[in-house]
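Participant: Give me a 3D structure for the following:
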Amino acid sequence: MNHSPNPFPTKEIRHLRDLSPQQVRSGLAAWLGWLFDGLDMHLYTLVATAFVAQLLMTGEGDPEVGKKASIIQAAFLVGWALGGGFFGRVADLIGRSKALVLTILTYALFTGLSYFSQEWWHLLVFRFLAALGIGGEWAVGASLLSETWPKKWRPWIAATLQSAVNCGILLACLAGALLKGHPPQWIFLVGVLPAFITLWIRRAVPETEEWTEARKGRPAPRIRELFGPEVRSVTLRVMLICAVSLTAHWTFMFWQQSYIRSLAEVGNLKADKDHATVMALLWIMVGSLIGNFAAGALAKSLGYGKAIALMLAGYFGVMWFTFSGVHSLDATYGLFAVIGLMQGCFGLFTMCLPPLFPVLLRSTGAGFCYNIGRVLSAVGVVFFGIFNKVQGDFAGVLLMASWLFIPAAVFALLLPEPGKGES
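Facilitator: Numbering: from 1, shown residues only. From the prediction side, this is the model:
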C-alpha cells in the first residue's frame with residue numbers, strides 16, 4: 001500500500017469521490033475566495049451613484065457625481081491590475097495557500113473601511129486598496145486549483161470557479177435588497193465577512209506539491225523573464241486579448257447601472273431606482289451562471305481560443321441590439337441575462353492562462369497579463385464618464401463600447417492552448 005505523504009495524489013481521478021481531502025479543501029478555499037471576491041467587487045457598483053452624491057453633498061443628477069464615481073471605479077480597476085501582479089508574485093515566492101490568506105484579508109479589510117469614508121477621495125483610496133486583494137485572489141486561486149485538481153477537468157473547474165464570483169455578486173444583490181432604504185455606506189460592512197474564512201484556510205489548506213517541488217533549490221525567476229525569449233510571445237498575446245476584452249466588459253459592468261437608473265420606466269424615486277439596479281445585476285448574474293458552463297462545454301469541443309472568440313462575438317451582438325434601440329424594462333432585464341450568458345467566456349481564462357506559464361512564473365504571469373486589462377478598463381470607464389458629451393446618454397456610451405468586442409474576438413483566436421507552457 002502506498003503511504004506517500006503527498007497530499008495531492010497523482011493517480012487518475014475519474015470522480016469527485018476520488019479526490020483526496022486536501023484537494024477538496026483546496027477547491028473549497030479557492031471557491032470561497034472567489035465567492036467573496038465577487039461580493040466585495042460589486043458592493044460599490046450597487047451604491048456608487050447614491051454614495052458619491054452623498055459624499056459630495058449634491059443630487060444624483062449632478063454631472064460631478066458621474067465623473068467622481070467613474071474615477072473611483074477607475075482607481076479600483078488599476079488597483080485590481082496592480083494587485084494581480086503583486087500578489088501573483090507573492091504566491092510564486094511564498095506559496096499559494098499563504099498568499100490566498102493575504103489577498104482575502106486585504107480586500108475584506110479595506111472594503112469594510114469604505115464605510116467610514118467622509119470625502120469622495122477617501123472612498124477612492126479604500127476601493128483602490130481593496131482591489132489589490134481582489135485582483136491578487138484571482139491569480140492565486142487559479143494557480144492553486146490548476147496545480148491540485150485534474151487537468152482534464154479544467155474547463156469545468158473554470159466554470160465552477162467563475163460561478164463562485166457570480167454567487168458572490170448575487171450575495172451583493174441580496175445585501176443591497178436587505179439594506180434598501182438604509183444609508184448607502186452600510187453595504188460595505190458586509191464586505192468584512194470574508195476575513196473569517198482565512199482562519200480556516202491557514203489551518204486546513206496545504207501548499208501544492210507542484211510549487212513545493214519547483215521551489216526546491218531554485219530561486220524564483222525574475223519578473224522580467226515574462227518578456228524573455230521563452231515566454232514573451234505568450235505574455236504579449238495574453239495581454240492583448242485581456243486588455244481589449246476587459247475594457248469593453250468593465251465599461252458595460254460599471255455603466256449599466258447608470259443606464260438602468262436613467263430609464264423613464266424606472267421612475268424618479270430612489271427606492272425604485274435602487275430596486276431596478278439590483279434586479280438588472282441579478283439578471284446579469286443568472287445569465288452568467290449558465291454561461292460559465294456553456295463556455296466550459298464549448299471549450300471542451302472547440303478549444304479555449306475558439307470558444308472565447310465565439311462568446312465575445314456574441315457579447316457584441318447582444319450589446320449592439322440592446323443599446324441601439326428602446327426596450328421595455330422587462331425586455332432589458334432579459335437582454336441583460338443574455339449578455340451575462342456571454343460573460344461566461346471570462347471564466348475560461350481561469351484555467352486557460354496559468355498553465356501557459358512555467359510553475360514559478362505561473363501566478364505572476366497569469367495575474368499580470370489578465371489584470372493588465374484592468375488598467376485599460378480604468379481608462380475606458382473614465383473616458384466614457386468624462387467625455388460623454390450628451391448628458392445621460394448611457395445607451396450611446398454602451399453602444400460605443402460594444403464595438404471593442406469585435407477585435408477582442410479576433411485576438412482570442414491567437415490564444416495558445418494550455419499544455420506547451422506547463423512544466
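Participant: For the helix or strand where L93 lies, buried residues please.
Facilitator: Assigned by DSSP states H and E, L93 belongs to helix 63-94. Of the residues in helix 63-94, 65-66, 68-92 count as buried by neighbour count, 16 or more other CB atoms under 10 Å. For every residue, glycine as well, the C-beta is placed using N, CA and C.
Participant: elements contacting that helix?
Facilitator: helix 21-56, helix 96-113, helix 120-148, helix 232-262, helix 362-386 (3 or more CB pairs under 8 Å, 6 or more residues apart in numbering; DSSP states H and E).
Participant: give me that answer again for 6 Å
Facilitator: helix 21-56, helix 96-113, helix 120-148, helix 362-386 (3 or more CB pairs under 6 Å, 6 or more residues apart in numbering; DSSP states H and E).
Participant: What angle do helix 96-113 and the first one make with each other?
Facilitator: Just to be clear, that refers to helix 21-56. 20 degrees (axes from the mean of the first three to the mean of the last three CA atoms, to 10 degrees).
Participant: looking at the helices and strands packed on helix 63-94, which is closest to E225?
Facilitator: helix 362-386 (9.0 Å; CB to CB).
Participant: so how far is the next helix or strand after the closest one off the chain centroid?
Facilitator: Downstream of helix 362-386, the first helix or strand assigned by DSSP H and E is helix 394-402. When distances are taken as CA atoms, centre = their mean, to the nearest Å, helix 394-402 is centred 21 Å away from the chain's centroid.
Participant: before we move on, the earlier item: mean neighbour count and distance to L348 added to the helices and strands packed on helix 63-94, as TSV?
Facilitator: What follows is those, written out as TSV (neighbours: other CB atoms under 10 Å; distance: least, CB to CB, whole Å):
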stretch	mean neighbour count	distance to L348
helix 21-56	23	14
helix 96-113	23	21
helix 120-148	26	11
helix 362-386	25	11
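Participant: Export those as CSV, with columns for distance to L281 and mean pLDDT.
Facilitator: Converted to CSV, the helices and strands packed on helix 63-94 look like this (distance: least, CB to CB, whole Å; pLDDT from 0 to 100):
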stretch, distance to L281, mean pLDDT
helix 21-56, 7, 85
helix 96-113, 17, 91
helix 120-148, 17, 87
helix 362-386, 17, 71
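Participant: closest one to L161 among these?
Facilitator: helix 21-56 (5.4 Å).
Participant: For that closest one, what is the distance to the chain centroid?
Facilitator: Taking mean C-alpha positions (CA atoms, centre = their mean), helix 21-56 and its chain are 9 Å apart.
Participant: Next: stretch 190-203.
Facilitator: Distance, centroid of stretch 190-203 to centroid of chain: 19 Å (CA atoms, centre = their mean).
Participant: Same check on stretch 244-260?
Facilitator: 13 Å.
Participant: try stretch 123-135
Facilitator: Distance, centroid of stretch 123-135 to centroid of chain: 13 Å (CA atoms, centre = their mean).
Participant: same question for the helix holding L93, mean pLDDT?
Facilitator: Average pLDDT, helix 63-94: 85.
Participant: from what I can see F36 touches V192, true?
Facilitator: No - here F36 does not reach V192: they are 10.1 Å apart, not a contact under CB atoms under 6 Å.
Participant: that older thread, how much does the helix holding L93 deviate in direction from helix 120-148?
Facilitator: Using the same axes, to 10 degrees: helix 63-94 against helix 120-148 is 40 degrees.
Participant: Let me have the helices and strands packed on helix 63-94 in a markdown table, extended by distance to G168.
Facilitator: Listed next are the helices and strands packed on helix 63-94 as a markdown table, based on distance: least, CB to CB, whole Å:
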| stretch | distance to G168 |
| --- | --- |
| helix 21-56 | 3 |
| helix 96-113 | 11 |
| helix 120-148 | 10 |
| helix 362-386 | 18 |
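Participant: do you know which of those lies nearest F323?
Facilitator: Nearest of these to F323, taken as CB to CB: helix 362-386 at 12.4 Å.
Participant: what residues are up against S114?
Facilitator: L123, F126, F188 (CB atoms under 6 Å, 6 or more residues apart in numbering).
Participant: can I get the residues you listed in a markdown table with distance to R218?
Facilitator: Compiled in a markdown table, the contacts of S114 are given as follows (distance: CB to CB, whole Å):
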| residue | distance to R218 |
| --- | --- |
| L123 | 43 |
| F126 | 38 |
| F188 | 42 |
